[in-house]
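Undergrad: Structure for this input, please:
(one chain, ligands or ions: 1)
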Amino acid sequence: MDRFAPLRHRTIALVGLMGVGKSSVGRRLANALELPFHDADAEVEAAAGRSISDIFNDLGEPAFREGERRVIARLLDQPAHVLATGGGAFMNPETRALIKARAVSVWLKTDLEVLARRVSRKDSRPLLKGKDPLAVLQQLAEVRYPAYGEADLIVETGDAPHHVTVDQLIRALSAYLADQAQ
Ligand code: S3P
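TA: The predicted model follows:
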C-alpha cells in the first residue's frame with residue numbers, strides 16, 4: 001500500500017511568514033509525494049514578466065496583491081499539487097476562502113528570530129528593504145497570525161533542516177486527512 005496515496009487527492013497550500021520555508025520545504029514535499037509544485041511568487045513574476053521587487057517598485061503593492069490573488073485562484077483550479085503561497089496571500093479574505101475550500105492549508109510557523117536570521121541573507125523582499133527584519137516580522141506577525149491561525153493545520157518547524165520539516169508535514173497531513181476521512 002502506498003502510504004502517500006491519501007495525500008495526493010487535495011492540493012496542499014503552505015502559508016506563513018517570509019523565510020519560514022514555504023518554497024523550499026514545499027518543493028521537497030512535492031518531490032516526496034510525487035505531486036506537482038507551484039510557487040505563487042514565481043508565477044506572479046512570470047505573469048508580470050518582472051521580479052517581485054520590480055512589481056512593487058514599478059506598479060506598487062496593490063498591483064502585486066491583485067496579481068497574487070488572480071494567480072492563486074488560477075493555481076487552485078489545477079489538479080492536486082503543493083502550493084507555496086507568498087507570505088501576504090492568506091491575508092486576502094477571498095484568497096483565504098478559496099484556499100480553505102480547495103486545499104488543505106498548513107501554517108508553517110517558527111520563531112521570529114529564526115525567520116529574521118534567514119531573511120537577512122537575501123535582499124529580494126520589498127517589505128524588508130532598508131528595514132530591521134525582526135521589527136518588520138514582529139509587526140507582520142501581530143497583524144497576520146490571527147488569519148494564519150485559520151489554516152487547517154499548524155506545523156511548528158523550529159530551526160529544523162528542510163527534510164525534517166517535510167517528514168513532520170507528512171505526519172501531520174496524514175493524521176489530519178485520516179481524521180477527516182472518518
Ligand atoms: C510577502 C512575502 C513574499 C512575497 C512578497 C510579499 C509578504 O513571499 O510574496 O515579497 O507580504 O509577506 P515569501 O513569503 O515567499 O517570502
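Undergrad: State the distance from residue 163 to the ligand.
TA: Counting by CB to the nearest ligand atom, to the nearest Å, the separation of residue 163 from the ligand is 20 Å. C-beta: built from backbone N, CA, C; applies to glycine.
Undergrad: what ranges of this protein fall below the confidence cut-off?
TA: By pLDDT under 70, the weakly predicted segments of the chain are 1.
Undergrad: Close to the ligand: what parts of it are there?
TA: The chain has residues 18, 22, 23, 41, 52, 86, 87, 88, 125, 126, 127 near the ligand, with proximity defined as CB under 6 Å from any ligand atom.
Undergrad: Narrow those to those in helices?
TA: 22, 23, 41, 52 (DSSP state H).
Undergrad: Quick one: list the elements packing against the longest strand belonging to the chain.
TA: Longest strand of the chain, by residue count under DSSP state E: strand 103-109. Packed against strand 103-109 by the contact rule (3 or more CB pairs under 8 Å, 6 or more residues apart in numbering; DSSP states H and E) you find strand 11-15, strand 153-156, helix 162-181.
Undergrad: and the last one, which residues are buried?
TA: By neighbour count, with 16 or more other CB atoms under 10 Å as the criterion, the buried positions of helix 162-181 are 165, 166, 168, 169, 170, 172, 173, 177.
Undergrad: and of those residues, the nearest to the ligand?
TA: Out of the buried residues of helix 162-181, the one with the shortest distance to the ligand is residue 165. That distance is 15.2 Å, counting by CB to the nearest ligand atom.
Undergrad: So the closest one sits against residue 25, correct?
TA: Yes - using CB atoms under 8 Å, residue 165 and residue 25 qualify as a contacting pair, with a distance of 5.0 Å.
Undergrad: Closest one of the residues of the chain next to the ligand to residue 65?
TA: For the residues of the chain next to the ligand, the closest approach to residue 65 (CB to CB) belongs to residue 88, at 6.9 Å.
Undergrad: Can you list phi and psi of the closest one for me?
TA: Phi and psi for residue 88, reported as degrees, to the nearest 10, are phi -90, psi -10.
Undergrad: Just give the number of residues close to it.
TA: For residue 88, the neighbour count with other CB atoms under 10 Å is 20.
Undergrad: Touching, it and residue 67? I think so.
TA: No - shown here, residue 88 and residue 67 do not form a contact pair, counting by CB under 8 Å, at 11.8 Å.
Undergrad: How about the contacts made by residue 144?
TA: Residue 144 sits next to 17, 87, 88, 90, 91 when contact means CB atoms under 8 Å, 6 or more residues apart in numbering.
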